[in-house]
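*Asks:* give me a model of this one.
(chains A and B)
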Amino acid sequence: MIELLIGTRKGAWIMADEGARTAWRLEGPLFLGQIVNHFVADPRDPRVRLIAAKTGHLGPTVFRSRDGGATWTEARRPPAFPKSDDEATARAVSHTFWLQAGHASEPHVWWAGASPPGLFVSEDDGETWDSVAGFDEHPMYWQWAPPDSGTPDGPLLNQIVIDPREAAHMYIATSTGGVFESLDRASTWAPLNQGVEANFLPDPYPEYGQDAHYIALAPTAPDRIWQQNHCGVYRLDRPEVRWTRIGKAMPEEIGDIGFTIVPHPRQADTAWVFPMDGTDVWPRTSPGGRPAVYRTCDAGASWRRQDRGFPAEQGWFTVKRQAFCADAAAPLGLYLGATNGEVWASADEGESWRGIARHLPEIYSVAVA
Amino acid sequence: MIQVLIPSQLHAYSGGASRVDAAGASIAEALDDLDRRYPGIRFRIIDEQDRIRPHMRLFVGRTAARDIRVPLADGDELLIFGALSGG
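*Replies:* This next block holds a predicted model:
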C-alpha cells in the first residue's frame, strides 16, 4: 500500500492508498500547528519516519516514529550548531529543512540540512544529531553561505543526495552557494556549479553563489544529475563538471523556472518539472494560471506538456521543493502538493491528473512511503 | 523555589501543567531544571547560543528578561510567553 507523507505549514497528514491508486484516505493531522518542512520514511525500514518541525514561537526539532507513525518521540538532541563565543558568527538553526536517510550500507544514519545552511548527521535514527564540521566549519563557509542571501524563509542547505553506489560520495544543494560535492563522506566539499547561471550576481557564472532549488540523481544511472535551479533546468553527466541548461528547450512562454524536478526511477532519460512564473516580479505561480507538468523522455532535448485534469484557467498554485515525488509502480505514479493545500496525483506517468485532497494548509513536502 | 508559568505552546512538554516549580539561581538554571523533568522544553525556548528565541518572551515578575543569566531568588515567578502574530 502506498502512503503519501504530507508536510504543511500547519502540521502533517498521511494519505493512504485504498487500492489501485484510485481511492485515498486522508489521515491526520499530526502535530497540528507545527511548521513541517519535511516528513519522510526510511527506505531501509519504512516503519521509521522522521518529521522536521518548528512553530512560529518554538525552536526547531525532529520527531521520530519507529512504528510507522503510530507513536512519536522527540529527538533527544535536535540539529544545532556548536556553541560559539563569537557573537558575529554564532549560528542557531532556524529550522531543519531536509531529512535524508543515509546510504543503504549505513543503517540508522540520517543527514539533515537546515537554515541557516547547516549539515547535520545522526547515527541513531535521528535521536541525536551533530553538526558536520566538514561543511559547517569549512574555511569557505561564510562565502558559500552568506547570511544576507537566500530565500524568504532564510538561507538554506536545502538538500542532501547520496550516491547509491558509494556512501562517501555526496552532493548538497544550497540556496546560497549552489551545489557542492564531497568524495569523503562530508569531510571536505567543493563547488560543482560550472555553467549554472546566477543572474542576480555581477558575475552570472560564478564558481559558487547559485541557488540550487533541487537536485536528483537518475536512479538507474546515478552519474546523471538533474537540477532545477533558480535560473533554469540543468543536467550534468559525471564525470563531466559543466552543467547543460536543458531548460532552454522548454516553450519560451513557459520558461524553465521552478522549484523541483522528479526523475523516472527506471528511465534515465525521463524526468518531470512543474514550471512556475519567473518573469518580472517573480509571481512564482503556475504560468498564465494554467498548471502543468512538463516531461522529457530524451534527457532534456525536448519537453512535452501534461496538463489533463489540472485547471484549464485561473489555477495559480505552485509546488515547492520537497512537494513533488514519484512512487515505484508501473505505470509510474506521480504526486504533487500545492501551495493552495491541494494534493494532485497521476497514476499514468503524468498523462492525467486528479485532485485527491484539498483544503489542507500550504503544502511544503510530499513523500512516498 | 521558582514558580514558572508555562504557556500553552509548551503544555505538550509539561503534561498540560500551566504552573510548575523549578529550582535554580538564574533563568538558565531554572530552565535546565525544567529540561530534566520535561526533556526538550529548553531548546524550544532557548537556542544553541543561549539566546531567547525571537517569539518567546520571558519575565521575572513584571520585568522583561533578555538574557538567561538573569538571577532568580527563592519565591520569584518566571513567566514564559509565546508572542507571535500573523496567520
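
*Asks:* CA atoms for contacts and neighbours, from now on please.
*Replies:* Noted.

*Asks:* how distant is stretch A:10-23 from the center of its chain?
*Replies:* 20 Å (Cα atoms, centre = their mean, to the nearest Å).

*Asks:* what is the mean pLDDT for it?
*Replies:* The predicted model gives stretch A:10-23 an average pLDDT of 93.

*Asks:* and that stretch, which residues are buried?
*Replies:* A:10-17, A:21 (16 or more other Cα atoms under 10 Å in any protein chain shown).

*Asks:* let me see the ranges of the helices in chain B.
*Replies:* Assigned by DSSP state H, chain B shows helices spanning B:11-14, B:27-37.

*Asks:* give the other helices and strands that the longest one contacts.
*Replies:* In terms of contacts (3 or more Cα pairs under 8 Å, 6 or more residues apart in numbering or on different chains; DSSP states H and E), helix B:27-37 is packed against strand B:19-22.

*Asks:* list the neighbouring strands of the strand it packs on plus their orientation.
*Replies:* Here strand B:19-22 is paired, per DSSP bridges, with strand B:2-5 (antiparallel).

*Asks:* what about the partner strand, average pLDDT?
*Replies:* Here the average pLDDT along strand B:2-5 is 98.

*Asks:* got the buried residues of stretch A:10-23 as JSON lines, with secondary structure and distance to A:Ile225 columns?
*Replies:* Listed next are the buried residues of stretch A:10-23 as JSON lines, based on DSSP: H, G, I helix; E, B strand; the rest coil; distance: Cα to Cα, whole Å:
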{"residue": "A:Lys10", "secondary structure": "coil", "distance to A:Ile225": "32"}
{"residue": "A:Gly11", "secondary structure": "strand", "distance to A:Ile225": "31"}
{"residue": "A:Ala12", "secondary structure": "strand", "distance to A:Ile225": "30"}
{"residue": "A:Trp13", "secondary structure": "strand", "distance to A:Ile225": "30"}
{"residue": "A:Ile14", "secondary structure": "strand", "distance to A:Ile225": "29"}
{"residue": "A:Met15", "secondary structure": "strand", "distance to A:Ile225": "29"}
{"residue": "A:Ala16", "secondary structure": "strand", "distance to A:Ile225": "30"}
{"residue": "A:Asp17", "secondary structure": "strand", "distance to A:Ile225": "30"}
{"residue": "A:Arg21", "secondary structure": "coil", "distance to A:Ile225": "29"}
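
*Asks:* return the member of these nearest to chain B.
*Replies:* Distance to chain B across those (Cα to the nearest Cα) is lowest for A:Lys10, with 10.2 Å.

*Asks:* residues contacting the closest one?
*Replies:* A:31-36, A:361-362 (Cα atoms under 8 Å, 6 or more residues apart in numbering or on different chains).

*Asks:* of those, which are in range of chain B?
*Replies:* Counting by Cα under 8 Å from any Cα of the partner chain, nothing from those sits close to chain B.

*Asks:* what mean pLDDT does stretch A:27-41 get?
*Replies:* 97.

*Asks:* any idea how far apart the tips of it sit?
*Replies:* End-to-end distance of stretch A:27-41 (Cα to Cα, to the nearest Å): 16 Å.

*Asks:* buried sites along it?
*Replies:* A:29-31, A:33-41.

*Asks:* could you dump the contacts of A:Lys10 to TSV with secondary structure and distance to B:Leu10?
*Replies:* Formatted as TSV, the contacts of A:Lys10 follow (three-state DSSP; distance: Cα to Cα, whole Å):
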residue	secondary structure	distance to B:Leu10
A:Phe31	coil	13
A:Leu32	coil	13
A:Gly33	coil	12
A:Gln34	coil	12
A:Ile35	strand	15
A:Val36	strand	17
A:Pro361	coil	22
A:Glu362	coil	24
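
*Asks:* centroid-nearest residue for the chain?
*Replies:* This is for chain A. Nearest to the geometric centre of chain A sits A:Gln322, at 3.6 Å (Cα atoms, centre = their mean).

*Asks:* once you drop chain neighbours, what's closest to that one?
*Replies:* Leaving aside its chain neighbours, A:Gln322 sits nearest to A:Ser365 (4.5 Å; criterion: Cα to Cα, 6 or more residues apart in numbering or on different chains).

*Asks:* now the strands for the stretch 251-369 of chain A?
*Replies:* Taking DSSP state E, counting those that start in this stretch, the strands of the stretch 251-369 of chain A run over residues A:258-263, A:271-275, A:293-296, A:304-306, A:324-326, A:334-337, A:343-346, A:354-357, A:363-368.

*Asks:* want to throw those strands into TSV with mean pLDDT and mean neighbour count?
*Replies:* Listed next are those as TSV, based on pLDDT from 0 to 100; neighbours: other Cα atoms under 10 Å in any protein chain shown:
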stretch	mean pLDDT	mean neighbour count
strand A:258-263	98	26
strand A:271-275	98	26
strand A:293-296	98	22
strand A:304-306	98	17
strand A:324-326	98	24
strand A:334-337	98	26
strand A:343-346	98	23
strand A:354-357	97	16
strand A:363-368	98	27
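
*Asks:* any chance of those in JSON lines, plus distance to A:Thr89?
*Replies:* Output for the strands of the stretch 251-369 of chain A, formatted as JSON lines (distance: least, Cα to Cα, whole Å):
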{"stretch": "strand A:258-263", "distance to A:Thr89": "30"}
{"stretch": "strand A:271-275", "distance to A:Thr89": "37"}
{"stretch": "strand A:293-296", "distance to A:Thr89": "42"}
{"stretch": "strand A:304-306", "distance to A:Thr89": "46"}
{"stretch": "strand A:324-326", "distance to A:Thr89": "35"}
{"stretch": "strand A:334-337", "distance to A:Thr89": "36"}
{"stretch": "strand A:343-346", "distance to A:Thr89": "40"}
{"stretch": "strand A:354-357", "distance to A:Thr89": "43"}
{"stretch": "strand A:363-368", "distance to A:Thr89": "29"}
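
*Asks:* still on that earlier bit, next one: the residue nearest to the centre of chain A from A:Leu334, what distance?
*Replies:* 13 Å.

*Asks:* and which of the contacts of A:Lys10 is nearest A:Ile225?
*Replies:* Closest to A:Ile225 out of the contacts of A:Lys10 is A:Val36 (26.9 Å), distances taken as Cα to Cα.

*Asks:* show me where chain B has strands.
*Replies:* Counting by DSSP state E, the segments of chain B that form strands are B:2-5, B:19-22, B:56-60, B:63-65, B:77-82.

*Asks:* make TSV out of those and add mean neighbour count and distance to A:Pro78.
*Replies:* Formatted as TSV, these follow (neighbours: other Cα atoms under 10 Å in any protein chain shown; distance: least, Cα to Cα, whole Å):
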stretch	mean neighbour count	distance to A:Pro78
strand B:2-5	20	24
strand B:19-22	16	24
strand B:56-60	19	19
strand B:63-65	13	25
strand B:77-82	21	21
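
*Asks:* out of those, which is closest to A:Pro117?
*Replies:* strand B:56-60 (23.1 Å).

*Asks:* for the closest one, name the packing helices and strands.
*Replies:* strand B:63-65, strand B:77-82.

*Asks:* mind checking which of those strands is nearest chain A?
*Replies:* strand B:77-82 (5.7 Å).
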